[in-house]
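**Q** any chance you could fold what I've pasted below:
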Amino acid sequence: MERGEIAAARELLTGLHPADIAQVLISLPGRARRSVLDSLPFDVVSQVVHYANPWHISRLFGQIGLRTLSRLVREL
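**A** You can find the predicted model right below:
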């Protein structure tokens, strides 16, 4: 995904419920999923993890950057 596409995806996703964001992210191909995840604010990512079902969480953890994952674990 290019920067403009990532920014547009971020804007669209931040207005959705976190569980819906998880569903959208899961539907994206791996690289696009990682790019969009990396662009989301930390509070949005933490809410996605909180509201997502366990299957979505297991799929998303493989795409979350180490720094974000470390911060999520500390805050949980």
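**Q** avg pLDDT for stretch 24-37?
**A** In this model, stretch 24-37 has a mean pLDDT of 88.
**Q** same deal with stretch 45-53?
**A** 85.
**Q** how many neighbours does Leu25 have?
**A** Number of residues near Leu25 (other CB atoms under 10 Å) recorded here: 23. In short, each C-beta sits where N, CA and C put it, glycine included.
**Q** start the count at 675, not 1, going forward
**A** Got it, first residue is 675 now, which makes that one Leu699.
**Q** elements contacting the strand or helix carrying it?
**A** Using DSSP states H and E, Leu699 sits in helix 692-701. Counting contacts by 3 or more CB pairs under 8 Å, 6 or more residues apart in numbering; DSSP states H and E, helix 692-701 is packed against helix 677-687, helix 704-713, helix 716-725, helix 728-735.
**Q** which one of the ones you listed lies closest to Leu746?
**A** Among these, the nearest to Leu746 by CB to CB is helix 716-725 (5.8 Å).
**Q** fine, thanks again, bye for now.
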